[in-house]
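In: what's the 3D shape of this:
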Amino acid sequence: MKIAYLCSKYPAVSHAFVLREVLSLRRLGVEVDTFSIRRSDQLLARADRLEFESTYAILPPRWIGILVAHFKLIARSPSAYLSSLALALRLAPPGLRGRLWQFFYFVEAVILWKECNRRGIRHIHVHMTNVAADVALLATHIGSTITPEQTWSWSLTVHGPFEFYDVSHFRVAEKIMRAQFVVCISDYARSQLMALSEPEVWKRLHVVHVGIPIEQFTRHDGEAEGDNATILFIGRQVAVKGQAVLLEAAGLLAERGCKIKLVIAGDGPQRPMLERFADRLGLASQVAFPGAVGQDEIHAMYAGACIFCLPSFAEGVPGVLMEAMAMELPVVSTRITGIPELVDDDRTGLLVVPGRADLLADALGRLLSDSGLRRKMGAAAREKVLSEFNVESSAVALYALFERYLNTKS
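Out: Got it, this is the predicted structure:
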């Protein structure tokens, strides 16, 4: 089995789950060639750097190569070229800007088709309904049109929730109709796609949880037990992650006499604002902003905390929650989208209403005051991840889907 994996940017700090999935499929014997629309610019872990070396990046453009590929395709099959360009423009969002971007996706799709054809790859898998899905859709259309005796196909993993915010812009309904099959990382994600499609499409929507490598997130003997009142957050510093609510909750805890240390790891456009907000709340000495963290350093951050908190307003099923739970950290998060499928409230963690600093402070305070409850929830959390969110078992489920659908068309 030989397939391509295409992402908008690969490898990426915030998409470690894709790299883990690729490595697990390779261990099962699948030949996975990786492609990226844009070249990665932040390689914080050794695994990222190794994968970067073998990943084909379409951008930045190699203009001579692009021109040659397009002229060769026109010469070989003008009808395939024009029909694929027409499809690209037909799928464009309204307006001149949408058509222009869709033309760029077509330009990139020709390069992807050429490279996949050269390598003997006929199936492309994509994570998320963004540019990578457009390019994969068009590249496989080119291949199927030029060589109808060969089966070119593509499949898609849908995470949400951002893909569901503007389904017309991302043309989600069109993409799930054209994909050979669709992987949904949660039942919540599948339900959103069901609302966009006819019942006969639903049988091609499959739930496969994103998983983590459990052995990499195991608390070792001698590591801190987490009784140091350190609350940890890891994620992009953008508004939807809710760090400002976490800072408000920390301020309420301080007013209640709780002495805590808050670590907000990650980077993003909101970091300066968050640092100023912490200072205004009088928390500057209690809050650390260590910046972006790679997979090589992340284990130590979990091991040094006693609670992990993710107060997001929008998520799929967050990998950082899985990692923290595997490290036997009790977690506090929000009752939104796919998170309740991972965190069983009051058993493997605590869930609160999003945006409520008072409720978040109550949940954090409850765990801070009860080390026995932290240990009990931490142990249950690890069992939950081990049984339902293990990357190896997820890869087996994905392998079965690839085998089923690719063999069906062979």
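In: where along the stretch 151-300 of the chain do the strands fall?
Out: Under the criterion DSSP state E, counting those that start in this stretch, the stretch 151-300 of the chain contains strands at 153-158, 182-184, 205-207, 230-234, 261-265, 287-291.
In: which strands and helices sit next to the fourth one?
Out: Taking 3 or more Cβ pairs under 8 Å, 6 or more residues apart in numbering; DSSP states H and E as the contact definition, the neighbouring helices and strands of strand 230-234 are helix 243-255, strand 261-265, helix 295-303, strand 307-310. Quick note: C-beta positions are derived from backbone N, CA and C, even for glycine.
In: next structured bit after the shortest one?
Out: Tracing the chain C-terminally past strand 307-310 and defining elements by DSSP states H and E, one meets helix 319-326 next.
In: Arg271: what's it in contact with?
Out: Going by Cβ atoms under 8 Å, 6 or more residues apart in numbering, Arg271 touches Gln237, Phe289.
In: scratch that, Gln180
Out: Here Gln180 is in contact with His123, Ser153, Trp154, Ser155, Arg204, Tyr405, Lys409 (criterion: Cβ under 8 Å, 6+ apart).
In: about what we covered before: rank the helices and strands packed on strand 230-234 by pLDDT, which is bottom?
Out: With a mean of 90, helix 295-303 has the lowest mean pLDDT of those.
In: that older thread, now the two most distant members of the contacts of Gln180.
Out: Between any two of the contacts of Gln180, the greatest separation by Cβ to Cβ is 14.7 Å, found for His123 and Arg204.
In: Next, count neighbours for Arg27.
Out: Per other Cβ atoms under 10 Å, the neighbour tally for Arg27 reads 11.
In: shaky segments in the stretch 101-250 of the chain?
Out: Along the stretch 101-250 of the chain, the parts satisfying pLDDT under 70 run over 221-227.
In: at 80 what do you get?
Out: 220-228 (pLDDT under 80).
In: Now the top helix by length along the chain: buried residues?
Out: Ranked by residue count and defined by DSSP state H, the top helix of the chain is helix 96-119. Across helix 96-119, burial judged by 16 or more other Cβ atoms under 10 Å covers 101-102, 105-117.
In: and what of stretch 263-278?
Out: Val263, Ile264, Ala265, Gly266, Asp267, Gln270, Arg271, Leu274, Glu275, Phe277, Ala278.
In: Could I get the contacting residues of the third one?
Out: It stands for Ala265. Ala265 neighbours (Cβ under 8 Å, 6+ apart): Leu232, Phe233, Ile234, Gly235, Phe289, Pro290, Gly291, Ala292, Val293, Met301.
In: Can you tell me which of those residues lies closest to Leu43?
Out: Checking these against Leu43 by Cβ to Cβ gives Ala292 as the nearest, at 10.9 Å.
In: Not counting residues beside it along the chain, what's closest to that closest one?
Out: Closest residue in space to Ala292, ignoring its immediate chain neighbours: Asp267 at 4.3 Å, by Cβ to Cβ, 6 or more residues apart in numbering.
In: Quick one: residues contacting the one you found.
Out: Asp267 neighbours (Cβ under 8 Å, 6+ apart): Arg236, Gln237, Gly291, Ala292.
In: Could I get the pLDDT score of the residue nearest to the first one when sequence neighbours are not counted?
Out: Nearest residue to Arg236, sequence neighbours excluded (Cβ to Cβ, 6+ apart): Gly268, at 4.5 Å. Taken from the predicted model, the pLDDT recorded for Gly268 is 94.
In: So Gly268 sits against Val240, correct?
Out: No. Using Cβ atoms under 8 Å, Gly268 is not in contact with Val240, being 10.5 Å away.
In: Look at His123 and Arg204 and report which has more neighbours.
Out: Shown here are His123 and Arg204; by other Cβ under 10 Å, His123 has more neighbours (21 against 18).
In: tell me the SS of the residue lying closest to the more buried one once chain neighbours are set aside?
Out: Spatial nearest neighbour of His123, chain neighbours left out: Ile3 (4.7 Å); criterion: Cβ to Cβ, 6+ apart. When classified by DSSP: H, G, I helix; E, B strand; the rest coil, Ile3 comes out as strand.
In: when you give positions from now on, start the count at 541
Out: Sure, I'll start numbering at 541, so the last one becomes Ile543.
In: Report the contact partners of Ile543.
Out: Here Ile543 is in contact with Val570, Glu571, Val572, Asp573, Ile661, His663, Ile664, His665, Phe942, Leu946 (Cβ under 8 Å, 6+ apart).
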